[in-house]
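**Q** this is a predicted model, with the sequence first.
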Amino acid sequence: MSFLDKFSKSRSEKVPVITEVQIKQALSSVMDPDLNKDIVTLGFVQNVVIKGTEVSFKVVLTTPACPVKELLKKQCEQAVLAIPGIETANVEMTAVTKASPSAFSSQSETLSKVKNIIAVASGKGGVGKSTTAVQLAYALSKTGAKVGLLDADVYGPSLPLMTGVSDPTQQRDGIVIPPVANGVKIISTAMFSSGQGAAILRGPMAANVIKQFVTKVEWGELDYLLIDYPPGTGDIQLTLSQITSITGAVIVTTPQEMALIDVRKAVHMFQTLKVPVLGVIETMSYFICDGCDKKHFLFHQGGGQKLATQYGVPLLGQIPMDTHVVQSSDQGQPEILSNPDGQASLAYTLACGELARHISILNAGAGEKLQQFSIDWQN
Ligand code: ADP
């Protein structure tokens, strides 16, 4: 064997030709922990490009708010870098939000491009439900999702105040174009009533107003439309479930038993309406005072977990009491945007990730457990 033959042989041994099949084989060791399948089988791996010792590919998740995005990226890098001959891995994490199987079957044309409709409800007023709806909307929007907020709390519409959104000024063929505040489309009764107008609406009238918010507003393409439900279990709630295909409901409560009594009624209502309960968010769970790191449980402890356990749904998050939240809400600057590193924002960000996860699980058809409730109305 000549010197040149030997040289080219050793070179070809050092730099084996890597194929897409090998890359995908390696990536099939990376499991999506929620969907319990590997990311290749799930079709997440796309655009594989191999150039010598360098491989680039996209991982297309089912939500941009996936809380294990960074972990999956690391696992992908490790998996391909373990292939002899691969020295560089460029992994682009991206997402195309998966639509609820019931999406697009909404009766209203204006919701025909909305992938997921999420009810944020409590049953009781004053527990931080509207605040939660706003923070979740902006937490989702920050991840790149297209988000809308519908203020269905006609008796106490607070979203314009909390978000600083202006009134709508445009319409097309009688359909209102929702104003946008920091990337989120918002519609509220407060935009159409002067002063206290909305507060004196009778039940059927209020339900009619809500119907218009669904059918006469151009929501356009949205990954998530969050609906801030009014407290209680009346006309508006029933109307919403009749005219929209709700993907699932998030139940907001404070920890004390007094709140849980009414919140259970809201859970029961969603069960009756066959709307899956995605989980519970406990607000005002504790307070950390200045100067000491101790958590003070002003409204007792464990109420949210108790509720979640009772209905076999996850506790999506526990939000501390934080005076910043009150200030930022009153100033129309969502806490998640104005104070992103604050303790409430961090807790809301975690809750948003958990919510997005459970929506994805439900939409993937792996959510049977979420829908199997044991109704224990007496407890
Ligand atoms: P609901 O929609 O259940 O009636 P809101 O979201 O309007 O409740 O909140 C009621 C009050 O509690 C508001 O003044 C709000 O700023 C405040 N609040 C909500 N969440 C928190 C929190 N995590 N920490 C402190 N105050 C909060």
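**A** That came in fine, so what should we check first?

**Q** contacts and neighbour counts: CA atoms only from here.
**A** OK.

**Q** write out the residues of the stretch 51-200 of the chain neighbouring the ligand.
**A** Counting by Cα under 6 Å from any ligand atom, the stretch 51-200 of the chain comes close to the ligand at 125, 126, 127, 128, 129, 130, 131.

**Q** the helix or strand where the last one lies: what's the following helix or strand?
**A** Secondary-structure element containing residue 131, defined by DSSP states H and E: helix 129-142. Later in the chain than helix 129-142, the nearest helix or strand by DSSP H and E is strand 147-151.

**Q** what's near enough to touch the spatially most central residue of the chain?
**A** Nearest to the geometric centre of the chain sits residue 356, at 3.9 Å (Cα atoms, centre = their mean). Neighbouring residues of residue 356 by Cα atoms under 8 Å, 6 or more residues apart in numbering: 63, 65, 66.

**Q** that one sits in which helix or strand?
**A** Secondary structure (DSSP H and E) places residue 356 in helix 343-363.

**Q** also residue 239?
**A** Residue 239 belongs to helix 235-243, assigned by DSSP H and E.

**Q** alpha carbons of stretch 178-186, in PDB - could you do that?
**A** Only the C-alpha atoms of stretch 178-186 are listed here, as PDB (Å, rounded to 0.1, in the frame of the first residue of the first chain):
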ATOM      1  CA  PRO A 178     -59.300  44.100  19.500                       C
ATOM      2  CA  PRO A 179     -56.700  46.600  20.800                       C
ATOM      3  CA  VAL A 180     -53.300  45.200  21.600                       C
ATOM      4  CA  ALA A 181     -51.300  46.000  24.800                       C
ATOM      5  CA  ASN A 182     -47.700  44.700  24.900                       C
ATOM      6  CA  GLY A 183     -48.500  42.100  22.300                       C
ATOM      7  CA  VAL A 184     -51.700  40.700  23.800                       C
ATOM      8  CA  LYS A 185     -55.100  41.300  22.200                       C
ATOM      9  CA  ILE A 186     -57.600  42.400  24.800                       C
END
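
**Q** shift numbering so it begins at 766
**A** Will do, 766 is the new start, and the previous item becomes stretch 943-951.

**Q** show the pLDDT at the nearest residue to residue 924 once chain neighbours are set aside.
**A** Nearest non-adjacent residue to residue 924, counting by Cα to Cα, 6 or more residues apart in numbering: residue 916, 6.4 Å away. Note for residue 916: predicted pLDDT of 95.

**Q** who does residue 916 bridge with?
**A** residue 953, residue 993 (DSSP bridges).

**Q** for it, give its distance to residue 1075.
**A** Distance, residue 916 to residue 1075, using Cα to Cα, to the nearest Å: 29 Å.

**Q** and if you look at residue 1049?
**A** 20 Å.

**Q** same drill for those two, tell me which one is more crowded.
**A** residue 1049 (19 against 15; other Cα atoms under 10 Å).

**Q** for the more buried one, give its distance to the ligand.
**A** 5 Å (Cα to the nearest ligand atom, to the nearest Å).

**Q** mind listing the helices for the chain?
**A** Using DSSP state H, the helices assigned to the chain run over residues 768-779, 785-792, 834-846, 894-907, 924-928, 968-980, 1000-1008, 1022-1037, 1068-1076, 1088-1095, 1100-1103, 1108-1128, 1133-1136.

**Q** compare those helices and give me the one nearest residue 862.
**A** Distance to residue 862, taken as Cα to Cα, is lowest for helix 1108-1128 among the helices of the chain, at 8.3 Å.
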